[in-house]
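Enquirer: Prediction below, plus the sequence it came from.
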Amino acid sequence: MNEKNFMSSDDIRLKFSQAMSAMYQKEVPLYTDLIELVDDVNELVMQQQPDIKQQLINTGELERLAAERHGAIRVGTAQELNTMRRLFAVMGMHPVGYYDLTPAGVPVHSTAFRALSTESLNISPFRVFTSLLRLELIEDEALRNQAKQALAKRNIFTDRVVELIECFEEQGGLSQQGEEFVLEALETFRWHESSPISKELYDQLLSQHGLIADIVGFKGPHINHLTPRTLDIDLVQKGMSQRNIPPKDIIEGPPRRQCPILLRQTSFKALEEAVNFTGDEGSTVAGTHTARFGEIEQRGVALTPKGRVLYDQLLNAARSQLGATPNATNADEYYQLLSQTFEAFPDDYHSMHEQGLAYFYYQVNEAMIDKASSHQAMDELISNGVLRIEPIVYEDFLPVSAAGIFHSNLKDAQQGGYRESSNQDDFEKALGAPVHDELELYRMMQERSKEYCIEYLKKQASK
Ligand code: OOG
Ligand code: NI
């Protein structure tokens, strides 16, 4: 607690992510099996490859590894998104990045709420991929209006959580109320077995898009997956089948590499769950819904704009050579094309650093410090071993991968794109704030570590 006796936002986020994980484990028991599998694989990788463990120690990620996960939710209105932003701000989570999923046939645009600084991320890297439905993409006007009405009737936040958010905004923090906030906030993300709409409307919405039914058909934005971080996603993918956790057909993102970049993801398929729809005069009508699943990810180094352009180019090349959406029948061919095209992306950290493809922390190598002299350039300090570079881990998401995850978990996998163009302005208006530019955040992390090293070496030299 600080001088005002406020709980730190980092602490509230840590507690919230633990509570969320416990809730989801109760709701979706397969998720518990997945966490156990990921823990086993991570343990094995660190035993067999001590250099990976050392890298995690150097970047401060070792401690957070077992607790690391992201979740995803989908909201229906601008107002819901706006309050969501304020709710996440209590936990030190701010909107980073803009993702337009409409070209991939998913009628939403999204951001990720997360902590911003290295220190906060290492206390709890918990992030939530948050999508806003674009109702304007429902072509049938009558149906669009029915959906609007259903959304206007719901209130996804408890009264108490809104009071606590206001309290946080007025006081600049929450005292012990932070504990209460965690419990109240959790209510918004809970699964509801009963649907406030009729089965008839649900089916109509479903025929437009599974995602619309998932958002409009429920009392709130149930958390639809939580994703632990693994150090070897290929091992986890194999292990899933052995443990009867049915995996998705394709691992999204870049191919397997010595030095992982960005993000690779896979998931287990959504469960079909019983739902009671609202019938006439207080009756209920039985039905089912598929939305909730589990996901695993392996995170690698964050790329610079130049690195990202190259990544997009190589990924697109592999996909267009495949000539189809990657699926179970063409998976082997897809992986082969992917590893061929990615031969053009250097697979060692020093080359990536020299070519300005990725972001790194600079760190002083104490054992070599007597080799330093004050007028040496960064490159020289690195090549003579005074400074080492450590990868800055990618904390964000990838739109093509996200679309693949969405599709694998919807009943009606519509593949065509919407013509509506991306609209970050509209999104930010709904959100009530601009989103942070993730590339700028990584650049600043790199810059800060560099300044720290320079200062440190100066002090050493003047001793
Ligand atoms: C979000 C899908 C995207 C990811 O990790 O890229 C996602 C959703 O299904 O709501 O979670
Ligand atoms: Ni996800």
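Expert: Arrived safely, thanks for sending. Ligands and ions are numbered 1, 2, ... in the order given.

Enquirer: and this protein, which residues reach ligand 1?
Expert: Residues of the chain that fall close to ligand 1, judged by CB under 6 Å from any ligand atom: 72, 74, 129, 131, 224, 265, 295, 397, 401-402, 405-406. Where you see a C-beta, it was placed from the backbone N, CA and C, and this is true even at glycine.

Enquirer: Restricted to strands, list the residues you listed.
Expert: Taking DSSP state E as the definition of strands, those contribute 72, 74, 129, 131, 265, 295.

Enquirer: Now render those residues as CSV, adding distance to ligand 2 and pLDDT.
Expert: Compiled in CSV, those are given as follows (distance: CB to the ion, whole Å; pLDDT from 0 to 100):
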residue, distance to ligand 2, pLDDT
Ala72, 5, 96
Arg74, 12, 97
Phe129, 6, 98
Ser131, 11, 97
Gln265, 7, 94
Glu295, 5, 91
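
Enquirer: could the residues of the chain next to ligand 1 be laid out in a markdown table, adding neighbour count?
Expert: Below are the residues of the chain next to ligand 1 laid out as a markdown table (neighbours: other CB atoms under 10 Å):
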| residue | neighbour count |
| --- | --- |
| Ala72 | 23 |
| Arg74 | 23 |
| Phe129 | 23 |
| Ser131 | 24 |
| Asn224 | 24 |
| Gln265 | 24 |
| Glu295 | 24 |
| Phe397 | 24 |
| Ser401 | 21 |
| Ala402 | 23 |
| Ile405 | 24 |
| Phe406 | 22 |
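
Enquirer: Which positions within the longest helix seen in the chain qualify as buried?
Expert: For the chain, the longest helix by residue count, based on DSSP state H, is helix 438-461. Applying a neighbour-count criterion of 16 or more other CB atoms under 10 Å, one finds 438-439, 441-443, 445-446, 449, 453, 457 buried in helix 438-461.

Enquirer: Going by distance to Ser110, which of the ones in strands among the residues of the chain next to ligand 1 wins?
Expert: Set against Ser110, the nearest of these by CB to CB is Ser131 (4.1 Å).

Enquirer: Check the contact between that closest one and Val108; I expect there is one.
Expert: Yes: the criterion here is CB atoms under 8 Å, and Ser131 meets it with Val108 at 3.9 Å.

Enquirer: Overlap of the contact sets of the two?
Expert: 74, 101 (CB atoms under 8 Å, 6 or more residues apart in numbering).

Enquirer: number of nearby residues for Gly172?
Expert: Each residue near Gly172 was counted by other CB atoms under 10 Å, and the total is 9.

Enquirer: Tabulate the ones in strands among the residues of the chain next to ligand 1 (JSON lines), appending distance to Asp348.
Expert: Converted to JSON lines, those look like this (distance: CB to CB, whole Å):
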{"residue": "Ala72", "distance to Asp348": "33"}
{"residue": "Arg74", "distance to Asp348": "39"}
{"residue": "Phe129", "distance to Asp348": "31"}
{"residue": "Ser131", "distance to Asp348": "36"}
{"residue": "Gln265", "distance to Asp348": "24"}
{"residue": "Glu295", "distance to Asp348": "29"}
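
Enquirer: between those residues, which is closest to Asp100?
Expert: Relative to Asp100, and with distances defined as CB to CB, the nearest of those is Ser131, at 10.6 Å.

Enquirer: is it true that Ala433 touches Arg85?
Expert: Yes: using CB under 8 Å, Ala433 makes contact with Arg85 at a distance of 6.2 Å.

Enquirer: who has more neighbours, these two?
Expert: Arg85 (20 against 14).

Enquirer: Show me whatever sits in contact with both of Ala433 and Arg85.
Expert: By CB under 8 Å, 6+ apart, Ala433 and Arg85 have these common neighbours: Pro95.
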